[in-house]
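In: After the sequence you'll find the predicted model.
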Amino acid sequence: MRTILSLVLFLVLTGYATAQTGQSMVFKHSLSSGGGPVALRIYLSEPCTYAPALAHIAPRYREMFRRSVLTWQGKDFEACWVEYDGRALSVDEDGAWFNQRQGGVPLTQFQDDAV
């Protein structure tokens with residue numbers, strides 16, 4: 001059953017990415033640690049080209065990663081993201097993985113970022 005649900009989610013997201021080329025999705029959250037609001041914007045079809053973040057990813061996996069931007073304390077930080085098990089995993093230039101303790105952000109928590 002889980003495999004079927006994963007396949008359906010993959011097909012839906014793949015279809016969405018194809019139909020919405022260049023679109024992005026955003027996850028917004030308020031950090032309880034007092035760090036203020038944070039947003040993770042993932043770009044569905046833009047490959048990640050940000051060398052400082054790619055340096056933390058094994059070369060054979062780099063082409064799987066797409067562009068992401070983490071906004072924290074009013075500043076934007078370029079990053080790279082990949083979908084794994086229905087979750088977005090994003091790594092920044094310091095090698096820090098966003099929301100690593102929870103295994104990434106479920107893709108179902110992202111909203112269309114169309115203006």
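Out: Nice, thanks for sending it over. Numbering: from 1, shown residues only.
In: So for the strand ranked longest in the chain, what gets flagged as buried?
Out: Longest strand of the chain, by residue count under DSSP state E: strand 36-47. Residues of strand 36-47 classed as buried: Val38, Leu40, Arg41, Ile42, Tyr43, Leu44 (neighbour count, 16 or more other CB atoms under 10 Å). For glycine as for every other residue, the C-beta is placed from the backbone atoms N, C-alpha and C.
In: just the helices in the protein please.
Out: 2-19, 51-54 (DSSP state H).
In: pLDDT wise, what is Ile42 at?
Out: pLDDT, Ile42: 97.
In: Please list all residues in contact with it.
Out: Shown in contact with Ile42 (CB atoms under 8 Å, 6 or more residues apart in numbering): Ser24, Met25, Val26, Phe27, Arg66, Arg67, Ser68, Trp81, Ala88, Ser90, Phe110.
In: What of Phe77?
Out: Phe77 makes contacts with Val69, Leu70, Thr71, Asp92, Glu93, as judged by CB under 8 Å, 6+ apart.
In: From one end of stretch 95-111 to the other, what's the distance?
Out: As for stretch 95-111, its first-to-last residue distance stands at 25 Å under the measure CA to CA, to the nearest Å.
In: State the distance from Lys75 to Leu44.
Out: Plainly put, Lys75 is 23 Å away from Leu44 if you go by CB to CB, to the nearest Å.
In: Apologies, that question was intended for Ser90.
Out: Ser90 is 14 Å from Leu44, by CB to CB.
In: Next, show the common contact partners of those two.
Out: Common neighbours of Ser90 and Leu44, counting by CB under 8 Å, 6+ apart, are absent.
In: just for this structure, where's the confidence low?
Out: For the chain, the stretches flagged by pLDDT under 70 are 1-22, 31-35, 114-115.
In: that older thread, farthest-apart pair in the contacts of Phe77, please.
Out: Pairwise distances across the contacts of Phe77 (CB to CB) peak at 14.7 Å, for the pair Thr71 and Glu93.
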